[in-house]
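J.: how would this look folded up:
(one chain, ligands or ions: 3)
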Amino acid sequence: MKRRTRKAVILVVCTVVIAALPVAGSLYYTHEQALDASQKHLDDVAVRAAQRAWTVLLTVEAALADSVFPARNGCNEALIRHFRDRTFSLPTVQGLGYVTDDGRLACTSYGIVDPPRPVRLEPTIQPDGSIVRFLPPAETAFAPGPTIIALHRLRDGSWLGAAFAPESLTNGFEPASLGDHGYLRVVLAGVPMATIGEPHPSAPDFLDARADVGVYQAEVLVGAGRAWALAPWRRNALVTAGVGAAAGLALAFGAAHLGRKRLSLSAELSEGLENREFEVWYQPIIDLQQDRCRGAEALIRWRHPERDLVPPDLFIALAEESGVIIPMTRWLMREVGRQMGPLLATDPSLHIGVNLAPAHVASLDIVEDARRIASEFGIRPHQILFELTERGLIDQPECREVIEELSRLGTELAIDDFGTGYSSLAYIEKFKLDYLKIDKVFVAAIGHAAPLAKLTQVVIDMAKSLGLKTIAEGVETEAQARYLRDQGVNYAQGYVFSRPLVADDFRVFVRSDREFGLAGAVAQQHLALGAAPDVA
Ligand code: C2E
Ligand code: CA
Ligand code: CA
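T.: Ligands and ions are numbered 1, 2, ... in the order given. Below is the predicted model of the structure:
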């Protein structure tokens with residue numbers, strides 16, 4: 001080969017290689033991205049399916065718990081009426097029945113079974129953390145297809161049973177959306193209870209995901225084949241080959257930028273705390289049965305020098321991650337003491353709710369902080385109501401110890417955002433709680449035909465069966481307040497009564513409530529806010 005030709009060939013090869021490098025790179029990158037996206041999608045399906053399954057299990061458990069009292073005298077008209085009512089109002093429950101201690105079905109939602117019919121009670125599955133046992137899917141008289149029976153043993157040895165369809169555990173999920181060998185399976189204590197789709201008979205899943213159904217010792221497994229996982233990548237390979245490189249670059253740049261911003265934001269948090277940039281706002285909590293303000297929830301706000309008022313949703317997670325939440329809550333409690341101490345001292349019926357993060361129940365510091373602040377500002381410990389989400393209610397010795405010590409000190413404890421975690425009744429019963437805060441999604445569902453509205457009722461009944469006082473959150477309409485009052489819910493908090501207020505305005509709210517009644521306080525506060533719009 002002549003020298004010039006050789007040079008030309010090298011040049012062409014180099015150009016091709018250099019041109020191909022970003023293309024190959026971006027193809028590889030988008031391939032990984034497609035896998036990543038498919039994995040995320042599967043993870044997301046597993047989490048949503050776990051939520052769905054949890055809702056079903058909790059509904060069934062609550063329907064059984066709710067029937068214990070009506071079943072105290074065995075089968076009679078009242079029990080059958082109760083069974084019917086629950087079967088009718090909870091779409092998940094196909095039927096309820098009473099089984100005598102010698103294993104005979106004596107009555108169901110459909111009436112008396114005459115003569116009582118022997119029924120299968122084995123082999124039962126009893127997941128840890130559940131008071132209910134389950135019989136795996138089988139043909140029963142309750143429904144055309146196989147049903148799962150949930151069993152609750154009564155003190156005298158008889159049983160309550162509730163039938164539900166295995167499909168209710170997987171409803172709303174479309175196996176076809178996961179390709180040829182996509183599937184979703186709900187497993188309870190190791191026993192498969194429901195499956196949709198078909199796993200490949202011999203090949204292992206190309207991608208899979210799993211999620212725990214809370215404390216039910218249940219899990220959701222999801223799997224999918226290679227063709228499904230890579231389908232979007234194949235479709236777009238040509239286009240993404242070019243664009244991918246640029247997008248990858250932008251993404252990397254964006255991620256780096258975001259990382260830096262997050263880092264600096266957490267530094268800003270500690271700085272903000274030192275520079276006294278935080279404020280405490282108070283959202284009134286109303287006694288629904290007596291139409292009286294009974295206190296407030298303390299909500300933190302950040303008056304950022306450049307960003308104005310930052311709502312907590314934007315920084316609490318970061319404060320938790322970085323540990324700043326501990327000094328931040330200590331500061332908040334002192335501020336509550338300083339601002340509300342005198343009012344709390346003159347009116348012992350007022351409570352202030354303080355939000356705790358999971359990190360708080362890992363150490364006894366919070367008990368010491370509460371003790372110190374209560375004594376310094378003359379607050380009775382029972383006037384402090386700590387709010388802890390189900391996320392923070394972990395079955396570990398440290399958490400139990402902190403909760404016990406707080407209760408010994410005399411502060412009260414609420415489970416916050418109830419219904420959005422995965423706790424079962426048996427789990428919640430393990431902790432000494434005073435209040436249950438019904439999350440706003442359930443309040444928003446009131447008056448709607450959605451299944452969630454039924455769940456609202458279940459959540460209220462559940463709180464009653466646990467003997468806990470209830471606080472409904474996010475009450476925005478008169479109709480919601482009326483419904484909750486009629487259902488015997490004790491307290492409520494929400495925009496229909498008042499938005500979160502600065503300390504002075506909250507004190508005015510309490511004074512108007514005492515002088516003119518709740519309606520007067522609400523009207524005055526709405527008027528005042530008309531003049532000074534609130535960002536909370
Ligand atoms: P959360 O504990 O569930 O607090 C109730 C949230 O609902 C508050 O939002 C409140 O402003 C809002 N809200 C009240 N009434 C209504 C209503 O009628 N409708 C609607 N749509 N929303 C209503 P905020 O103040 O933005 O707080 C958000 C979350 O930030 C709180 O949720 C809580 O989890 C967290 N948080 C706030 N302050 C603190 C704090 O001091 N410490 C900790 N650890 N978390 C805090
Ligand atoms: Ca709260
Ligand atoms: Ca809440």
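J.: Can you give me the pLDDT of the closest residue to ligand 3 within the stretch 51-200 of the chain?
T.: Taking C-beta to the ion, ligand 3 has its nearest neighbour within the stretch 51-200 of the chain at Gln51, 17.7 Å off. All C-beta atoms are positioned from the backbone trio N, CA, C, and that covers glycine. Listed pLDDT for Gln51 reads 81.
J.: Pro451 now?
T.: 66.
J.: returning to what we had before: any idea which element the residue of the stretch 51-200 of the chain closest to ligand 3 lies in?
T.: Assigned by DSSP states H and E, Gln51 belongs to helix 3-65.
J.: Spell out the secondary structure type for the closest residue to ligand 1 within the stretch 101-250 of the chain.
T.: The stretch 101-250 of the chain approaches ligand 1 most closely through Gly214 (19.6 Å), counting by C-beta to the nearest ligand atom. Three-state call for Gly214 (DSSP: H, G, I helix; E, B strand; the rest coil): coil.
J.: hang on, isn't it packed against Ala53?
T.: No - taking contacts as C-beta atoms under 8 Å, Gly214 lies outside contact range of Ala53: 9.1 Å.
J.: Counting neighbours, go ahead and name the busier of these two.
T.: Ala53 (28 against 21; other C-beta atoms under 10 Å).
J.: Could you list the residues of the stretch 301-450 of the chain in contact with ligand 1?
T.: Residues of the stretch 301-450 of the chain found near ligand 1, taking C-beta under 6 Å from any ligand atom as the criterion, are Pro311, Pro312, Asp313, Ile316, Ile325, Thr329, Leu332, Asn355, Ala357, Asp416, Asp417, Lys440.
J.: From what I see, the first one and Arg303 are in contact.
T.: No - because the distance of 11.5 Å does not satisfy C-beta under 8 Å, Pro311 is recorded as not touching Arg303.
J.: where does the stretch 51-200 of the chain have low pLDDT?
T.: 129, 175-176 (pLDDT under 70).
J.: contacts for the strand or helix carrying Val220?
T.: Using DSSP H and E, Val220 falls within strand 218-224. Residues from elsewhere that reach strand 218-224 (C-beta atoms under 8 Å, 6 or more residues apart in numbering): 38, 42, 45-46, 49-50, 53, 57, 127, 178-179, 181-189, 193, 199, 205-213.
J.: Repeat that for stretch 386-398.
T.: 215, 297, 353-358, 360-363, 366, 370, 399, 406, 411-418, 420-423, 427-428, 430-431, 437.
J.: mind listing which of those are in strands?
T.: Glu297, Gly353, Val354, Asn355, Glu412, Leu413, Ala414, Ile415, Asp416, Asp417, Phe418, Lys437 (DSSP state E).
J.: What residues sit buried inside the helix or strand hosting Gly95?
T.: Using DSSP H and E, Gly95 sits within strand 93-99. By neighbour count on 16 or more other C-beta atoms under 10 Å, the buried set for strand 93-99 is Val93, Gln94, Gly95, Leu96, Gly97, Tyr98, Val99.
J.: again, but for stretch 465-485
T.: Buried residues in stretch 465-485 (16+ other C-beta under 10 Å): 468-475, 480-481, 483-485.
J.: Now, these that are in helices?
T.: Those of these mapping onto helices are Gln480, Ala481, Tyr483, Leu484, Arg485, per DSSP state H.
J.: burial measure for the spatially closest residue to Met333 that is not a sequence neighbour, as a count.
T.: What sits nearest to Met333 in space, not counting adjacent residues and going by C-beta to C-beta, 6 or more residues apart in numbering, is Ile373, at 4.9 Å. When neighbours are defined as other C-beta under 10 Å, Ile373 has 22 of them.
J.: Report pLDDT for Ile373.
T.: So Ile373 comes in at 96 (pLDDT).
J.: near ligand 3, which residues of the stretch 401-536 of the chain?
T.: Neighbours of ligand 3 within the stretch 401-536 of the chain, by C-beta under 5 Å from the ion: Asp416, Asp417, Glu473.
J.: Show me the beta-bridge partners of the spatially closest residue to Tyr435 that is not a sequence neighbour.
T.: Computed as C-beta to C-beta, 6+ apart, the closest residue to Tyr435 that is not its neighbour in sequence is Ala414, at 3.7 Å. Beta bridges link Ala414 to Glu387, Tyr435, judged by DSSP bridges.
J.: Could you do Ile285 as well?
T.: With DSSP bridges as the rule, Ile285 is bridged to Gly295.
J.: rewinding a little: in CSV: the buried residues of strand 93-99, plus distance to ligand 2.
T.: Listed next are the buried residues of strand 93-99 as CSV, based on distance: C-beta to the ion, whole Å:
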residue, distance to ligand 2
Val93, 31
Gln94, 37
Gly95, 38
Leu96, 35
Gly97, 40
Tyr98, 40
Val99, 42
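J.: could the residues you listed go into TSV alongside distance to Gln290?
T.: Putting those into TSV (distance: C-beta to C-beta, whole Å) gives the following:
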residue	distance to Gln290
Val93	35
Gln94	41
Gly95	40
Leu96	36
Gly97	41
Tyr98	39
Val99	43
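J.: Identify the residue with the minimum pLDDT among the residues of the stretch 401-536 of the chain next to ligand 3.
T.: Asp417 (85).
J.: Could you pull up the contacting residues of the residue nearest to it when sequence neighbours are not counted?
T.: Closest residue in space to Asp417, ignoring its immediate chain neighbours: Asp439 at 4.5 Å, by C-beta to C-beta, 6+ apart. Each residue near Asp439 by C-beta under 8 Å, 6+ apart is listed here: Asp417, Phe418, Gly419, Thr420, Glu473, Gly474.
J.: so the last one makes contact with Lys437?
T.: No - taking C-beta under 8 Å as the definition, Gly474 is not a contact partner of Lys437, at 10.0 Å.
J.: sorry, back to before: just the buried members of the contacts of strand 218-224?
T.: Buried among those (16+ other C-beta under 10 Å): 38, 42, 45-46, 49-50, 53, 57, 127, 178-179, 181-189, 193, 199, 205-211, 213.
J.: if we look at ligand 2, which of those are close to it?
T.: Of those, not one also sits near ligand 2 (C-beta under 5 Å from the ion).
J.: Out of these, list just those in helices.
T.: Counting by DSSP H, the buried ones among the contacts of strand 218-224 contribute Ser38, Leu42, Val45, Ala46, Ala49, Ala50, Ala53, Leu57 to helices.
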